[in-house]
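>>> Got a sequence here, can you model it:
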Amino acid sequence: MRKNYLKFYIMHLLLISAFSNQAQTTLVDGDIAFTRYNAGDDSFSFVFLTDVTASTEFFITDEGWDGSAFYGNESTIKFVVNTNIVAGEECHVTTNTLGYTMTSGNSPMSISSVGIFDPSLGNMLGTFGDNLFGYQSSSNIIAGINGDNGISGSPGNAWFASASASTNGSILPSGKTNGSNGFLGLFPNGVNSEVDNARYKASANHNDSKADLLASLMNINNWDFDNSTAYPASSTVFNVSPVLSIEKKGMIKNFELFPNPASDFIEISGLELAENQFEIYNTLGVKVKEGRLLKNKKLSVEGLKAGIYIIRLNNNQNLKFVKK
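Okay, the predicted model is just below:
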């Protein structure tokens, strides 16, 4: 094995300890959510709201849904996760180059065109589809966003009322609810013909639980709209607060790390020991800091570079934080 095996193993313990033993993460509604939609320059963004293991595959398409299947007349991008992805990572995709960037600066995925049309020709959003779906299979559609005409008089509902084999729009798949669990219609006032460019506001909630972040992302009041100018990728970092607890003597002890994101220091409430051993790892599995953390005391992170980190306490408890 190469020397990098140790780093990979450490991150496996730190980031994937709560994952299923299955090679691929089975994604569910709301595990990813779209955060940007640009017909103006054929780009979009989405955020991972759950940790995702290597070998996971999913697709994003501008195909319309006819009630039982995709029409099969547009573009589809396949994503293959090669290294584990931590909740809170945002992915910014430029379809006409089949390229992407991540919040962390890493490149954990490979992407390729697998649809009828090649998005690198510039036809994924600007020429054709006014909607996007994220899915793992036709029976497991996990996210959607729509910027087309929508239902007149229904703000925030850009989904067609009935199926149409159009390359511009789609109905909402059965069992999905507009404005909930990752499915959003960008029809800001129920009157505009369509929305060409939209982005989740940088000032909106980016640091919360998965449920609360989803609620914010599904609220069209938290989005900016512009029919003339495409929005660049946002630099605001998402942080999905983990639900972290341990059982001890029959009781569940909760920990809270704050502020998160942090710039100079972090504090951790709920510690029982007066003195606690800690190790901090970056997303590559490299230990960047270690030492002792005293109960009710601050821990300096001023020397860390901006990014996502895991702090491991007393060799048995992991907490994630973002360094600004």
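
>>> Report how many residues lie close to residue 229.
Using other C-beta atoms under 10 Å, residue 229 is surrounded by 11 other residues. Placement of C-beta: from N, CA and C, glycine included.

>>> pLDDT score for the closest residue to residue 255 other than its chain neighbours?
Ranked by C-beta to C-beta, 6 or more residues apart in numbering and with sequence neighbours excluded, the top spatial neighbour of residue 255 is residue 270, at 4.2 Å. pLDDT, residue 270: 86.

>>> For residue 270, give me phi and psi.
With angles defined as degrees, to the nearest 10, residue 270 sits at phi 100, psi 0.

>>> and if you look at residue 122?
Main-chain torsions, residue 122, degrees, to the nearest 10: phi 80, psi 30.

>>> In contact with it, which residues?
Contacts here follow C-beta atoms under 8 Å, 6 or more residues apart in numbering; on that basis residue 122 touches 42, 95, 96.

>>> Surely the first one touches residue 93?
Okay, so that is residue 42. No: proximity of residue 42 to residue 93 does not meet the contact threshold set by C-beta atoms under 8 Å, at 9.1 Å.

>>> Can you add secondary structure, pLDDT and distance to residue 174 and give the contacts of residue 122 back as a markdown table?
Listed next are these as a markdown table, based on DSSP: H, G, I helix; E, B strand; the rest coil; pLDDT from 0 to 100; distance: C-beta to C-beta, whole Å:
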| residue | secondary structure | pLDDT | distance to residue 174 |
| --- | --- | --- | --- |
| 42 | coil | 91 | 29 |
| 95 | helix | 93 | 27 |
| 96 | helix | 90 | 32 |
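
>>> closest to residue 301 among these?
residue 95 (36.3 Å; C-beta to C-beta).

>>> gap between that closest one and residue 104?
As judged by C-beta to C-beta, to the nearest Å, residue 95 and residue 104 stand 21 Å apart.

>>> Those two: which is more packed in?
residue 95 (28 against 20).

>>> Just confirm the more buried one contacts residue 44, I think it does.
Yes: counting by C-beta under 8 Å, residue 95 does reach residue 44; the two are 7.3 Å apart.

>>> okay, and the helix or strand of this protein with the least pLDDT?
Within the chain, confidence by mean pLDDT, DSSP states H and E is lowest for strand 245-248 among all helices and strands, at a mean of 36.

>>> Contact partners for residue 93?
Counting by C-beta under 8 Å, 6+ apart, residue 93 has contacts 43, 44, 45, 46, 60, 77, 99, 100, 111.

>>> An error on my part: the question was meant for residue 80.
55, 56, 57, 109, 110, 111.

>>> Closest to residue 264 out of the contacts of residue 122?
Of all the contacts of residue 122, residue 264 sits closest to residue 95, with 38.7 Å by C-beta to C-beta.

>>> which residues touch the closest one?
42, 43, 44, 75, 77, 119, 120, 122, 124, 125.

>>> hmm, which of those residues are the buried ones?
Neighbour-count burial (16 or more other C-beta atoms under 10 Å) is assigned, among those, to 42, 43, 44, 75, 77, 119, 120, 124, 125.

>>> Format those residues as CSV; extra columns: secondary structure and distance to residue 262.
Shown next, in CSV, are the buried ones among the contacts of residue 95 (DSSP: H, G, I helix; E, B strand; the rest coil; distance: C-beta to C-beta, whole Å):
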residue, secondary structure, distance to residue 262
42, coil, 35
43, strand, 30
44, strand, 29
75, strand, 40
77, strand, 34
119, helix, 38
120, helix, 39
124, coil, 37
125, coil, 36
